[in-house]
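Novice: Turn this into a structure:
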Amino acid sequence: MSVSEPVMYKSAPSGTAWGSGDIEIAMGGLLYKGERLRVAATFQITPQTSSENLLGGSTTTIKPAWGFIYVFSHRCALTNAFYYKQSIHTVRGKPTKQFEPDITLNVRVLRATWFVEYDSYYDFIPQKYAQTMKTGLSRGFGKGHNWVASAYYSVAINDYGTSSQYKYNPGFDLTWYPFPNR
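Specialist: Okay, the predicted model is just below:
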């Protein structure tokens, strides 16, 4: 089980906001673990908890997922996840109903994990497919490597990806795992 509380800054034509986004609560587990193949399922709920309208708060969503990882070697793996996201309560705006395939190739080189990710979604309401690509690297640090820093750069690769997501998106994530794998 995990709980994620995003802290963000957003600038839009209607104003700017700084604060907490909507909390994400997720749980799941491993369904199969073989020598090279692992299969898992998760369930996520995102209730309306943001501190500002620009940062979220217009809908409560559920997001079941199924995914697998195929390990080519101890330095190379392919991860795949298939999500279905749907609004169960909407305050304003249009509800969400999406199918989200995500495919990532991870390669471990120079004590860091380099990745290329195809991140996309099919939006059922306008019946359009948004496609993006992300590349970056991650590195664990701290006692037990329970901190992970990731830097990435994303680009939209089709028109709906540009209009619904972004043209380009540099980013940085810092994650703390209180119970690292030993």
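Novice: Now for this structure, the helix or strand with the poorest mean pLDDT.
Specialist: Lowest on mean pLDDT, DSSP states H and E among the helices and strands of the chain sits strand 7-12, with a mean of 75.
Novice: Dump stretch 161-175 to CSV, restricted to CA.
Specialist: Only the C-alpha atoms of stretch 161-175 are listed here, as CSV (Å, rounded to 0.1, in the frame of the first residue of the first chain):
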residue,chain,number,x,y,z
GLY,A,161,-0.8,14.6,-26.7
THR,A,162,0.2,18.2,-27.3
SER,A,163,-3.3,19.7,-26.7
SER,A,164,-4.2,17.5,-23.7
GLN,A,165,-0.8,17.0,-22.0
TYR,A,166,2.1,19.2,-23.0
LYS,A,167,4.5,20.1,-25.8
TYR,A,168,7.6,19.3,-23.6
ASN,A,169,7.9,18.6,-19.9
PRO,A,170,11.2,18.5,-18.0
GLY,A,171,10.8,17.2,-14.5
PHE,A,172,12.4,15.8,-11.3
ASP,A,173,11.0,13.4,-8.8
LEU,A,174,12.3,12.6,-5.3
THR,A,175,10.8,9.5,-3.7
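Novice: and it, what's its mean pLDDT?
Specialist: For stretch 161-175, mean pLDDT is 85.
Novice: quick one: buried residues of that stretch?
Specialist: When burial is assessed from 16 or more other CB atoms under 10 Å, stretch 161-175 yields the following buried residues: 161-162, 165. (Each C-beta comes from the backbone N, C-alpha and C, glycine too.)
Novice: How far does that stretch sit from its chain's centre?
Specialist: How far stretch 161-175 lies from its chain's middle: 11 Å, per CA atoms, centre = their mean, to the nearest Å.
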